[in-house]
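1. Curious how this folds, go ahead:
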Amino acid sequence: MSKLENKLEKIAALAKEASFKLALVDTAAKNRALIQMAEALPKEKNKIISANKKDLKAACRKRLSAAFIDRLTLNEARIQQMSASLIELSKLEDPVGEVIKSWERPNGLRISKVRVPIGVILIIYESRPNVTADCIGLCLKSSNCVILRGGSDALNSNKAIFDILNKAAVNNGIAQGSISFINFTERKAVDILLKLDSCIDLVMPRGGESLINEIKNKSRIPVIKHYKGICHVYVDSEADLDMAQKIVFNAKVQRPGVCNAMETLLVHKNAAIRFLPAMIKKLQGAGCEIRGCAATKKIARNLKNIKTAKDKDWSTEYLDLILSVKVVGSLDEAIEHINKYGSRHSDSIVTDNKDNADRFLKEVDSACVFVNASTRFTDGYQFGMGAEIGISTDKLHARGPMGLEELTTYKYIIE
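-> This next block holds a predicted model:
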């Protein structure tokens, strides 16, 4: 056994041992720890920002994209958001111990279906350091031990956040090993961890499609996948076009480098002439590159620099200020396009027609389906979950934003 294998096995074994202790920690003690952890982040903001600057400097040297650097960047406001999420988690109901249902049988058995922690969760993620705080908070509140393996581009930032939060947790009686951070950058570290099914109960990868596929193919441990977000907004023939413009602009421009940002805009042919020229002009004014279908280019022919959309654009997650635009002939065509090219993440219809809205909600096969709202609302905090550990595009065991309930399983208690 190599030194790396030995170290990783010890980390996983310690987490497994700690999981039995953490399962017994009551709600009040977990909430106290979360509040202390939340207070520690702004107090240590200089340490976090200093570490983040090292990562940003390295990212700039590598000439990584502006969207990547935005996801990587931490500032005082984002640190405060991480702190606020932990406070919010401390206020939420503890799912552990909740009786989902109970019943009595004629044979004299009283049966209860009760929420329990999953156990030890391995989270493999890429460039967003705020994920470190969100995952630690959610796993602690749901009584799960967590092993974090972040991307090398955010190593300094992630380590600083982990050190601060782990110290606060241990000082509040949380067992050492409940929160672990893998600071080995070797790629084979992940391969080793994915074989430790005797200690780790669940793997949750967050990152690009290639990362997720690699983990899915190598893991001996169950994997919940968080695939790419090819999100759509469909502007219906009966849409309020002023509202549609606000929704489309928010969905694409507010933060283009995240998985719930819109990547394709679909517009009904009866609304396209009134809607697209002004909408495209506004998007281009915000620095957004447009890749349009033939009808889009014809309608917006007075605007410059509209590229021709290719078939691969409809299935591309840009994570940048690039947008595919297509004019469709009907609601049926819009739904068919989304179900063919989408990633089952988040899709929205803008319409004043209730029947069209109801059809869209029923027929679009995605984790989150919106009416008259931006796809950017697919977020644990926005959903009232405090935060989310990721957005699952699987159908089992969880789907959509994964909050506290989704981080539990259940057992039957029979008396």
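
2. after the helix or strand hosting residue 213, next one along is what?
-> Using DSSP states H and E, residue 213 maps to helix 209-218. Using DSSP H and E, the next helix or strand after helix 209-218 towards the C-terminus is strand 231-235.

3. list the helices and strands that next one packs on?
-> Strand 231-235 sits against helix 241-253, strand 262-268, helix 331-341, strand 346-350, with contacts defined as 3 or more C-beta pairs under 8 Å, 6 or more residues apart in numbering; DSSP states H and E. For glycine as for every other residue, the C-beta is placed from the backbone atoms N, C-alpha and C.

4. Show me what that strand is in contact with.
-> Strand 231-235 is contacted from outside by 241, 244, 247-248, 251, 259-268, 271, 275, 328, 331, 334, 337-338, 342-343, 345-350, 360, 374-375, 378, using C-beta atoms under 8 Å, 6 or more residues apart in numbering.

5. partners of it, with directions?
-> According to DSSP bridges, strand 231-235 forms sheet pairs with strand 262-268 (parallel), strand 346-350 (parallel).

6. Could you say which of the ones you listed is packed most deeply?
-> With neighbours taken as mean count of other C-beta atoms under 10 Å, the strands paired with strand 231-235 reach their highest mean count in strand 346-350, at a mean of 30.

7. starting at the chain centroid, how far to the helix or strand just after that strand?
-> Next along the chain after strand 346-350, taking DSSP H and E as the criterion, comes helix 354-363. Centroid displacement of helix 354-363 relative to its chain, using C-alpha atoms, centre = their mean, to the nearest Å, is 26 Å.

8. Sheet-wise, list the partners of the helix or strand that helix 354-363 is followed by with their directions.
-> Per DSSP H and E, the first helix or strand lying C-terminal to helix 354-363 is strand 368-371. Using DSSP bridges, strand 368-371 pairs in its sheet with strand 346-350 (parallel).

9. Next, the angle helix 354-363 makes with the partner strand.
-> With axes from the mean of the first three to the mean of the last three C-alpha atoms, to 10 degrees applied, the angle from strand 346-350 to helix 354-363 works out at 170 degrees.

10. Just the residues contacting strand 346-350, thanks.
-> Outside strand 346-350, the residues within contact range by C-beta under 8 Å, 6+ apart are 229, 231-236, 239-240, 243-244, 247-248, 251, 260, 262, 334, 338, 356-357, 360-361, 364, 366-375, 378, 391.

11. can you do 7 Å?
-> 229, 231-236, 239, 243-244, 247, 260, 338, 356-357, 360, 364, 366-375, 378 (C-beta atoms under 7 Å, 6 or more residues apart in numbering).

12. And stretch 30-49, by the same measure?
-> Stretch 30-49 is contacted from outside by 74, 76, 79-80, 82-83, 86-87, 89-90, 94, 133, 137, 140-141, 157, 160-161, 164-165, 168-169, 172, 174, using C-beta under 7 Å, 6+ apart.
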